[in-house]
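[1] Prediction below, plus the sequence it came from.
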Amino acid sequence: MQKVFLIIHRLKEIVNKQFRSGKLTYIFGMLLIVLLACLCLISNNESCYQKTVAKITSVTEETIPNTQNNRQTIQAIIMNGKYMGKEIKLENTISNSQALDSRYNVNDELFINLQDDKNKQIISSEIIGFKRDNYIAYVALIFAVLILLIAQAKGLRSLLTLIMNIIIASIILQLYLHGYNLIVIASIASFLFILTSLIIVSGINKKTLSAILSTIVGTLISILLTIIIFKITDSNGIHYEEMEFLTTPPEPIFISEILLGTLGAIMDIAITISSSIEEIYKKNPFIEKKLLLNSAMEIGKDIMGTMTNTLVLAYFSGSIPMILLWLKNDYPFSEIININLSLEIIRILTGSIGIVISIPITIYISSILLKKQTIGLSS
Amino acid sequence: MSVEYLLLITLFILMAIIGGKRGIKAFFSLWLIFLTLFIMLIMIALNSNPLKITVLVSIIIGIITLFFINGFNKKTLSAFLSVIFVVLLTILIVYKIVAEAKIQGFSNEQSETLAYLSLQIKLDFTKIVVCEFLIGLLGAIIDISISIASSMHEIYINKLFTTKRSLLFSGIEIGKDILGTMINTLLFAFIAEFMTLVIWFSKLNYSITDMLNNKVFASEIFQILCSGIGIVLIIPVTAFVTNCILFVGNHGSKSISQCKKK
């Protein structure tokens, strides 16, 4: 342990010498060290697992006669538990599409199930899963390094909001599992999401205040509108097949999902419009109110199209593999859309409605807040 | 009347009132994108290479959202070129990740849903996951890139810059401002989508490590991270490309050669 401290201390000194230019670079250096340390830990974390982990040392592959499948015979070494260091033999079947199975390579790590007898001899072993946590760590690291490299301090802020939001999301999940009403906690969480995201990203100022207010009002109106439409149509045409494995009624979960999905898009719109209004106002404090509102509206129209497209593509993408599988199994197109896309289409439409509604709301709220300052002079 | 139709009508009315002509145009571009995506799915189902189709679809959607809505000009051209470049770059990164982490296809928990479907089909699910990720983040990178390109254009025509280099840096600054909210937009969209999954896994009493190593869960996390990587990459690329294209007409071959030198 002391050795690690010493190494970190040495690195700190080096970082200190190299980047005396600013506090910021120092923080980045520290962050990088922390990330690298995490990486070292994660890539050697087999001992943290209760399940047995095995590392592949050799693989041979052959086709199974009269089928389209291949069979892999795998030699592997156990990496943890009481049989650590022992060699075992495993078998793996691969299908053509690899939709439910995978082809394994040397050095891949697998979770396995062991059966042993009284004499502590391994009788049989089978693969139960592939170890992916180290890959998640690598990609997270690439993302973190890229964002810090390109956006520095602002990147750090975005990263912080991301982490905060994930923490809040896992807390609401825990509360829900302990029996609290999902819609109530989702609403409280949305409020927290709005506060943390907007304040961390753009600081405490008038611009942020109007963005926060507009997001709350916009989200509230659009979610109410959605619920009213659900009630009017008696939820006719919503296919919950995608969620049928849940034992609880799907509607409250779906509505909270809509709430969260809409929230992100509305926050984006609100901060964009309120900061451009402030920008225009700063450049020309004596601008006529009508002109200011008009140019804000123009900006709103500019982003409306691209934001709705962003939502369409983000939501649609999730159903691509499933739809392809259905298409390949020759199901009629209308059935595929009804079953696999019904929820996505509703998410897209409600999100887009939220985007469009929040444009005038943000303009209105920002102009009121600014008016209280000095804009009254010219109107 | 079904929920979808009523929502659709509401959206159309709102877009027409608030956005006017451009609102209606945006509404129809939504339909065009839907149509493109369906054609894409059919093409992949007919055994075209999913990666090639993804690039093609990115080009078509780029044309729809950039040239159809905003017209053909230097701004949209530079946004378009940057988007295509980043799409190609991200495909390489994502393909490597998907192949290494083996997140293609479906996980065993979904086998109930898959019970009536045959998996003995000719589809390369590794490439399909790449297609899924790329389509998911395409909208976001188009959005960021057009914002950066048009702000840089504003700065350029109002002569609010000192050197070519300073214009490049203001482009990157603008990108940094949009970065945080854009990542949030995607994060919430994806969280909304995979909340069902997490609730279900938690009810199955999965621990955090079980989830992290699970195929579907890991795949969702990779989608968020890869989208983040794409969003970060588009910023310097757009700033650079726009910087080159803005100066092309006015300074002729000289600035092109300068661009190449960089």
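    Looks like it came in fine.

[2] and the closest residue to chain B within the stretch 101-250 of chain A, how many neighbours does it have?
    The stretch 101-250 of chain A approaches chain B most closely through residue A:237 (2.8 Å), counting by Cβ to the nearest Cβ. The way it works is simple: take the backbone N, C-alpha and C, and place the C-beta from them, glycine included. By the criterion of other Cβ atoms under 10 Å in any protein chain shown, residue A:237 has 17 neighbours.

[3] thought it was touching residue A:345?
    No. With contacts counted by Cβ atoms under 8 Å, residue A:237 stays clear of residue A:345, the gap being 9.7 Å.

[4] list residues touching both of these two?
    residue B:4 (Cβ atoms under 8 Å, 6 or more residues apart in numbering or on different chains).

[5] Assign the closest residue in space to residue A:120 that isn't next to it in sequence to helix, strand or coil.
    Closest residue to residue A:120 apart from its sequence neighbours, by Cβ to Cβ, 6 or more residues apart in numbering or on different chains: residue A:82 at 7.7 Å. Classification of residue A:82 using DSSP: H, G, I helix; E, B strand; the rest coil returns coil.

[6] near chain B, anything from the one helix or strand residue A:315 maps to?
    In this structure, residue A:315 sits in helix A:289-317 according to DSSP states H and E. Yes. Helix A:289-317 lies within reach of chain B by Cβ under 8 Å from any Cβ of the partner chain, at A:300-317.

[7] Which residue of chain A lies farthest from its centroid?
    Largest separation from the mean C-alpha position in chain A: residue A:119, at 47.6 Å (Cα atoms, centre = their mean).

[8] what kind of secondary structure is that one in?
    coil.

[9] Distance from the helix or strand where residue B:20 lies to the middle of the chain?
    For residue B:20, the element it lies in under DSSP H and E is helix B:3-45. Chain-centre distance of helix B:3-45: 17 Å, with Cα atoms, centre = their mean, to the nearest Å.

[10] Just name whatever secondary elements that helix is in contact with.
    helix A:206-232, helix A:289-317, helix A:320-328, helix A:342-373, helix B:50-62, helix B:69-70, helix B:125-157 (3 or more Cβ pairs under 8 Å, 6 or more residues apart in numbering or on different chains; DSSP states H and E).

[11] Give the other helices and strands that the third one contacts.
    In this case it means helix A:320-328. Applying 3+ Cβ pairs under 8 Å, 6+ apart, one finds that helix A:320-328 contacts helix A:333-336, helix B:3-45, helix B:125-157.

[12] So which of those helices is nearest residue A:230?
    Comparison of the helices and strands packed on helix A:320-328 against residue A:230 by Cβ to Cβ identifies helix B:3-45 as nearest, at 6.3 Å.

[13] now that closest one: mean pLDDT?
    What helix B:3-45 shows for mean pLDDT is 93.

[14] Measure how that helix sits relative to helix A:320-328, angle-wise.
    70 degrees (axes from the mean of the first three to the mean of the last three Cα atoms, to 10 degrees).

[15] Who are the contact partners of residue B:36?
    For residue B:36, counting by Cβ under 8 Å, 6+ apart, the contacting residues are B:57, B:60, B:61, B:64.

[16] Count the residues that sit near the residue nearest to the residue of the stretch 101-250 of chain A closest to chain B when sequence neighbours are not counted.
    In this structure, residue A:237 finds its nearest non-sequential neighbour in residue B:2, 2.8 Å apart by Cβ to Cβ, 6+ apart. When neighbours are counted by other Cβ under 10 Å, residue B:2 registers 14.

[17] what's the answer for residue B:13, then?
    Neighbours of residue B:13 (other Cβ under 10 Å): 14.

[18] thinking again about what came up before, restrict the contacts of residue B:36 to contacts with chain A.
    residue B:61.

[19] just the contacts of residue B:36 now: which is nearest chain A?
    residue B:61 (7.4 Å).

[20] if I pick that closest one, what's in contact with it?
    So residue B:61 contacts A:309, A:313, B:33, B:36, B:138, B:142 (Cβ under 8 Å, 6+ apart).

[21] Tell me the confidence at it?
    95.

[22] now residue A:293
    87.

[23] Could you measure from it over to residue B:150?
    20 Å (Cβ to Cβ, to the nearest Å).

[24] wait, what's in contact with the nearest residue to residue B:8 once chain neighbours are set aside?
    Nearest residue to residue B:8, sequence neighbours excluded (Cβ to Cβ, 6+ apart): residue A:349, at 6.1 Å. Residues in contact with residue A:349 (Cβ under 8 Å, 6+ apart) are B:4, B:7, B:8, B:10, B:11.

[25] Any chance of a markdown table for these, columns neighbour count?
    Output for these, formatted as a markdown table (neighbours: other Cβ atoms under 10 Å in any protein chain shown):
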| residue | neighbour count |
| --- | --- |
| B:4 | 20 |
| B:7 | 23 |
| B:8 | 17 |
| B:10 | 20 |
| B:11 | 23 |
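
[26] which of those residues lies closest to chain A?
    Chain A lies nearest to residue B:7 out of those, by Cβ to the nearest Cβ, at 3.9 Å.

[27] Closest approach to chain A from the stretch 1-150 of chain B, which residue is it?
    residue B:2 (2.8 Å).

[28] ok, the residue in the stretch 51-200 of chain B that chain A sits nearest to to residue B:224 distance?
    The minimum distance from the stretch 51-200 of chain B to chain A, using Cβ to the nearest Cβ, falls at residue B:188 (2.9 Å). Between residue B:188 and residue B:224 the computed distance is 10 Å (Cβ to Cβ).

[29] Which one of these two is surrounded by more residues?
    residue B:188 (28 against 23).

[30] Let me know whether that one touches residue A:261 as I believe.
    Yes. Using Cβ under 8 Å, residue B:188 is in contact with residue A:261, at 5.9 Å.

[31] ok, residue B:175 - contacts?
    Residues near residue B:175 by Cβ under 8 Å, 6+ apart: A:150, A:151, B:144, B:148, B:234, B:235, B:236, B:238, B:239.

[32] Just give me the closest of those to residue A:279.
    For the contacts of residue B:175, the nearest to residue A:279 is residue B:148 (15.3 Å; Cβ to Cβ).

[33] Please tell me I have it right and that closest one contacts residue B:239.
    Yes. Look at residue B:148 against residue B:239 with Cβ under 8 Å: they come within range, at 6.1 Å.

[34] Which residues are in contact with each of those two?
    B:171, B:175.

[35] Show me which of those two is the more surrounded one.
    Between residue B:148 and residue B:239, residue B:148 has the larger neighbour count (other Cβ under 10 Å), namely 30 against 26.
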